[in-house]
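Chemist: Just the structure for this:
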Amino acid sequence: MQFWDFTRSPASVQLLLEAGAKRGLRARDLLQGSGLTQERLADAEISIDPAQEVAVIRNLLTLIPNEPGLGLLVGMRYHATAYGILGLGMLSAASGLDALLLAHRFLSLTFALAMLEHERSDGIHRLKFVASPALEPALREFAVQRAVGATCRLMLDVLGADTQLEALSLSMKRSQHMPYAIGGVRIEWGSQSNELRVTQATMAQALPQASAATYAMCVRMCEDLMTKRRTSLSTGTLLREMLAAQPDGSSANLQQVAGWLHVSERSLKRRLHDEGLSFRKLHEEVRRARADKLLIGSELSVAEIAARLGYSDVSAFSQAYKRWTGFSPTNATEQMRGQEISSSKH
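Modeler: Model (predicted):
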């Protein structure tokens, strides 16, 4: 779960908004529920939480439900300049391999929401893209596709637009919107894995824009940036954010969450206990916050809200909500809306 441990620059969300705008979507609709605004994104000094970017991606996929390969097309827009100082470091590396190793070392400074595996054998570099179990299926697919597209774009930016990639395999089926080839290589659609292959000879070639001094400076700055962006979140806070980023109706359990964090269930329980928390308490806290938001901010019925929160029936949801607040969902809604109206008058 490396990407949950670091904040990131707003550049990726800006690219998502641009992709949405090309498809007729409004920025405010894509930013809904993310806690982000266009004004805030324009501030180059800010960093955002991965959960906020996930919220924007979820909105994008909801508003564009029927565009196969959307992640791949979006990923191809991620030029080296989108990665700031890391992108400059890759461009100034001595060779393509040095650039690749730099990116892998500072993967947390990218916008990755998928895992990257790098292997070398038989004169070939193999980059395999693996979905993160922390995301629901639609988001996993988008994240992997975007990672593939972004990596291909980076390779072409670093090695040169005329570079011949060796092979590109994608598990998705080709649709009419998809290109036949990227980087001079025909795409193998419907494969068992998502994999980019480049020859060692290509990766070993000296880069014309190489600068040892610039590269060294970028490495130092990337190290500083990693320290700055590393979250100092408690286990409880991290879990709250992860659970809040899950889609409506999800029922992540302790075993799943421990897997996302790459720790044992026992270790996770101990960390939470040390903070005076429990997984059940956190899960209900997030559910209640989501329930309050839906009750006051949507036109959904109590039955529809219960279904969104993963309850089997209205009665179970009502009992849980009354246990949390002392009120039924209907009475709580009337109270919250009354408070909202009273506040607006003042």
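
Chemist: where does the stretch 1-150 of the chain dip in pLDDT?
Modeler: Applying pLDDT under 70 to the stretch 1-150 of the chain picks out residues 1-2.

Chemist: Residue 7 touches residue 53, doesn't it?
Modeler: No. Under the criterion of Cβ atoms under 8 Å, residue 7 makes no contact with residue 53, lying 10.0 Å away. Just so you know, the C-beta spots here come from the backbone N, C-alpha and C atoms, and that holds for glycine as well.

Chemist: How about stretch 114-133, which residues are buried there?
Modeler: Of the residues in stretch 114-133, those with enough neighbours to count as buried (16 or more other Cβ atoms under 10 Å) are 114-116, 124-127, 129, 131-132.

Chemist: Out of those residues, which is nearest to residue 87?
Modeler: Minimum separation from residue 87 among the buried residues of stretch 114-133 (Cβ to Cβ) is found for residue 116, which lies at 16.5 Å.

Chemist: Do I have it right that the closest one meets residue 108?
Modeler: No. The pair residue 116 / residue 108 is not scored as a contact, 11.4 Å apart, by Cβ under 8 Å.

Chemist: of residue 7 and residue 53, who's got more company?
Modeler: A side-by-side neighbour count of residue 7 and residue 53, using other Cβ atoms under 10 Å, places residue 53 first with 21 against 15.

Chemist: quick one: the more buried one is in a strand?
Modeler: No. Residue assignment for residue 53, taken from DSSP: H, G, I helix; E, B strand; the rest coil, gives helix, which places it outside any strand.

Chemist: show me where the stretch 101-250 of the chain has helices.
Modeler: If you assign secondary structure with DSSP state H, counting those that start in this stretch, the helices in the stretch 101-250 of the chain sit at 137-159, 200-204, 212-229, 235-244.

Chemist: check contacts around residue 165.
Modeler: 152, 155, 182-185, 196-198, 202 (Cβ atoms under 8 Å, 6 or more residues apart in numbering).

Chemist: Taking those, tell me the two that lie furthest apart.
Modeler: Distances among the contacts of residue 165 were taken as Cβ to Cβ; the most separated pair is 182 and 202, at 14.7 Å.

Chemist: Any regions of the stretch 151-300 of the chain where pLDDT drops low?
Modeler: Low-confidence regions of the stretch 151-300 of the chain, defined by pLDDT under 70, span residues 231-233, 245-250, 260-262.

Chemist: ok, 80 please
Modeler: For the stretch 151-300 of the chain, applying pLDDT under 80 flags the ranges 175-180, 183-184, 230-234, 237-238, 241-252, 259-263, 296-298.

Chemist: mind checking how far the residue lying closest to residue 6 once chain neighbours are set aside is from residue 238?
Modeler: With sequence-adjacent residues excluded and distances taken as Cβ to Cβ, 6 or more residues apart in numbering, residue 6 is closest to residue 108, at 4.3 Å. Between residue 108 and residue 238 the distance is 15 Å, computed by Cβ to Cβ, to the nearest Å.
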